[in-house]
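> predicted coordinates and the sequence they were generated for:
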Amino acid sequence: MDTVLVTGGTGYIGSHTCVELLNNGYHVLVLDNFSNSSFEPIKRVEKITGKKVKFYEGDLRNKELLRKIFKANNINAVIHFAGLKAVGESCAKPLEYYDNNLYGSIALFEIMNEFNTKKIIFSSSATVYGNNPLPYGEEMPYGIISNPYGRTKCMIEQILGDLSKSCSSWHTIILRYFNPIGAHQSGMIGEEPQGIPNNLMPYILKVAVGDFPELKVFGDDYETPDGTCIRDYIHVVDLAKGHIIALKSLLNSNNQGKNSEGINIYNLGTGKGYSVLELIKTFEKVSKIKIKYSITQRRDGDLPICFANVSKIERELGWKAKYNIEAMCEDSWRWIKNNPRGYKNV
Ligand code: WQD
C-alpha cells in the first residue's frame, strides 16, 4: 500500500486525516515540530485505528532531516498541513509566518524534487478568496487578502502552480478549507488551541466547560439576517475524508480538472452558511448547556458572509460533505466533555 508523509500530522486536521489514511490502509509517516501540539494525538490516532504511525519530530526547514526521512522511506505522496495558522498572530509576527510557512514549504518541495516524489496535497484556506463574490468558486482570481497568514497560503499555492508548470511530473491538489469544526466520533481527538482560542467553536467549548465566563460575539450589525457573520462550517471528519478522495485521485495521477497552472484546486466546505448566533443556539440545543455571550465590537478583517461553491469536487471526485451542523456540535461537545483540558488531560 502507498506511503504518505503527513507534515503537521499532530494538529487538529492532520490527526483526523491520519485516522482516515490508516483506516484506508495507507502507511503513514508524520513529521511535526510540536509548535502547536504534542505527541498525544498520535497515541490517540493509533488507539482509534489499531495501527501504527511512523513519527519524526522536527522542523520542515531542516533539510537534512527531510533528506533522512525521504531516504529511509519510499514516499508516494505528501499531505502538507504544517504551518502557523493564527490570523491575528500573523499580523503581529509576519516574519515568523513567512519563515515557517513559506520557507518551510519551499524546503519541503526542494527535497521532494530531489527524491522525485512529486505528488502533493496542500492544505490551503478559503481566506485566499478575500473579497471575491459569493459563493466562492475555484476558478476565481485571488482576492485582497488582509493578513500575512492568508498571504502565505496564496503564495504557496502559486509556488506549487509554478512548480507544476515547470515540470509536468508534479501532480498537485490544493484543498481550500472553509471553517472546520467538530471532532472524531470517538471523542478521543479534537481541536486543542493553545491559549485563548481565536476561532468561534473552540471558544464556545471553553465557555461550555467553564474556562471562560462568556463568549464575545464580534458584532451583530452586519448585513445578515441576525446581524452576525455567516460561515461555511464543515465537520473535520468530512474534511479528512475529502483528503482521502483527493489522495486516491492524485495517486491515480488523475489529471482531470487541472487548471492552466497545472494544478487541481477544490473547495472543502458544505456550501451552506450558519451565523454565529445560529451556531451558539445549535450547540446549546445538542449540549443542553447555556452559552452566555455578549455582543462586542466587530473584529478587524471579518467578512460578513463566507461560504463555498462545492460543485467542482462533487462533480469531479464524487465527494460531498455529509455531517450536518448538529453533528458538528455534538461531536465537538463529546470531545471537550471527555477532554476538558484537551490533550493535557493525561
Ligand atoms: C467565525 C465567526 C467571528 C470568535 C478563520 C481563519 C480562516 C480559517 C478558519 C485557517 C466570525 C466570530 C469568532 C469569537 C466571534 N483558518 N467569532 N467570537 O474568521 O471565519 O476563519 O478560521 O485556515 O483562515 O480566518 O473563523 O472561527 O475565527 O470566526 O464572534 O470569540 O465567529 O467574528 O464571524 P473565521 P472564526
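Ah, there it is. Numbering: from 1, shown residues only.
> so who does the residue in the stretch 201-346 of the chain that the ligand sits nearest to touch?
Among the residues of the stretch 201-346 of the chain, residue 229 lies nearest to the ligand; the distance is 2.9 Å by CB to the nearest ligand atom. All C-beta atoms are positioned from the backbone trio N, CA, C, and that covers glycine. Shown in contact with residue 229 (CB atoms under 8 Å, 6 or more residues apart in numbering): 218, 219, 222, 275, 276, 302, 303, 304, 305, 306.
> what's the nearest residue to the second one if we skip its chain neighbours?
In space, not counting the residues next to it along the chain, residue 219 is nearest to residue 298; the distance is 3.5 Å by CB to CB, 6 or more residues apart in numbering.
> how about residue 160?
Nearest to residue 160 is residue 172, by CB to CB, 6+ apart, at 4.8 Å.
> what sits against that neighbour?
Shown in contact with residue 172 (CB under 8 Å, 6+ apart): 119, 120, 121, 122, 160, 161, 163, 164, 262, 263, 264.
> make it 7 Å
By CB atoms under 7 Å, 6 or more residues apart in numbering, the residues touching residue 172 are 120, 122, 160, 164, 263, 264.
> same list, those, but as CSV with neighbour count and secondary structure please.
Converted to CSV, the contacts of residue 172 look like this (neighbours: other CB atoms under 10 Å; DSSP: H, G, I helix; E, B strand; the rest coil):
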residue, neighbour count, secondary structure
120, 25, strand
122, 23, strand
160, 24, helix
164, 21, helix
263, 23, coil
264, 26, strand
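> could these go into CSV alongside pLDDT?
What follows is the contacts of residue 172, written out as CSV (pLDDT from 0 to 100):
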residue, pLDDT
120, 98
122, 98
160, 97
164, 92
263, 91
264, 95
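> wait, residue 112 sits on residue 118?
Yes - assessed by CB atoms under 7 Å, residue 112 is found in contact with residue 118 at 6.3 Å.
> quick one: residue 115 from residue 67, how far?
8 Å (CB to CB, to the nearest Å).
> show me where this protein has its strands.
Under the criterion DSSP state E, strands of the chain are mapped to 3-7, 27-32, 54-57, 77-80, 119-125, 171-177, 179-181, 215-218, 230-231, 233-235, 264-268, 274-275, 293-296, 305-306.
> and the second one, which residues are buried?
Residues of strand 27-32 classed as buried by neighbour count (16 or more other CB atoms under 10 Å): 27, 28, 29, 30, 31, 32.
> which one of those residues is nearest to the ligand?
residue 32 (17.5 Å).
> please name the nearest non-neighbouring residue to that closest one.
residue 10 (4.4 Å).
> count the neighbours of the one you found for me.
Residues near residue 10, counting by other CB atoms under 10 Å, number 32.
> so how far is the ligand from it?
As for residue 10, its distance to the ligand is 17 Å (criterion: CB to the nearest ligand atom, to the nearest Å).
> just to revisit the earlier point, can I get the contacts of residue 172 in TSV with distance to the ligand?
As requested, these are exported to TSV (distance: CB to the nearest ligand atom, whole Å):
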residue	distance to the ligand
120	18
122	12
160	17
164	22
263	19
264	19
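> now tabulate those residues in TSV and tack on distance to residue 46.
Converted to TSV, these look like this (distance: CB to CB, whole Å):
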residue	distance to residue 46
120	25
122	26
160	31
164	34
263	33
264	31
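> give the contact list for residue 135.
271, 307, 308, 309.
> run through the bridge partners of the nearest residue to residue 138 once chain neighbours are set aside.
Spatially, and ignoring its direct neighbours in sequence, residue 138 is nearest to residue 265 (4.4 Å; CB to CB, 6+ apart). Beta-bridge partners for residue 265, by DSSP bridges, are residue 174.
> against residue 315, how distant is residue 265?
Residue 265 is 13 Å from residue 315, by CB to CB.
> neighbour count winner among those two?
The neighbour comparison of residue 265 against residue 315 (other CB under 10 Å) goes to residue 265, with 25 against 11.
> just checking, the residue nearest to residue 219 touches residue 216?
No - judged on CB under 7 Å, residue 298 makes no contact with residue 216 at a distance of 11.1 Å.
> against residue 248, how distant is the closest residue to residue 74 other than its chain neighbours?
Nearest residue to residue 74, sequence neighbours excluded (CB to CB, 6+ apart): residue 3, at 6.0 Å. For residue 3, the distance to residue 248 equals 15 Å [CB to CB].
> do residue 146 as well
For residue 146 relative to residue 248 (CB to CB), the value is 35 Å.
> more neighbours: which of those two?
Neighbours were counted for residue 146 and for residue 248 using other CB under 10 Å; residue 146 has more, 17 against 13.
> which non-adjacent residue is nearest residue 290?
Closest to residue 290 by CB to CB, 6+ apart is residue 284, at 6.1 Å.
> so that neighbour makes contact with residue 292?
No - look at residue 284 against residue 292 with CB under 7 Å: they stay out of range, at 10.3 Å.
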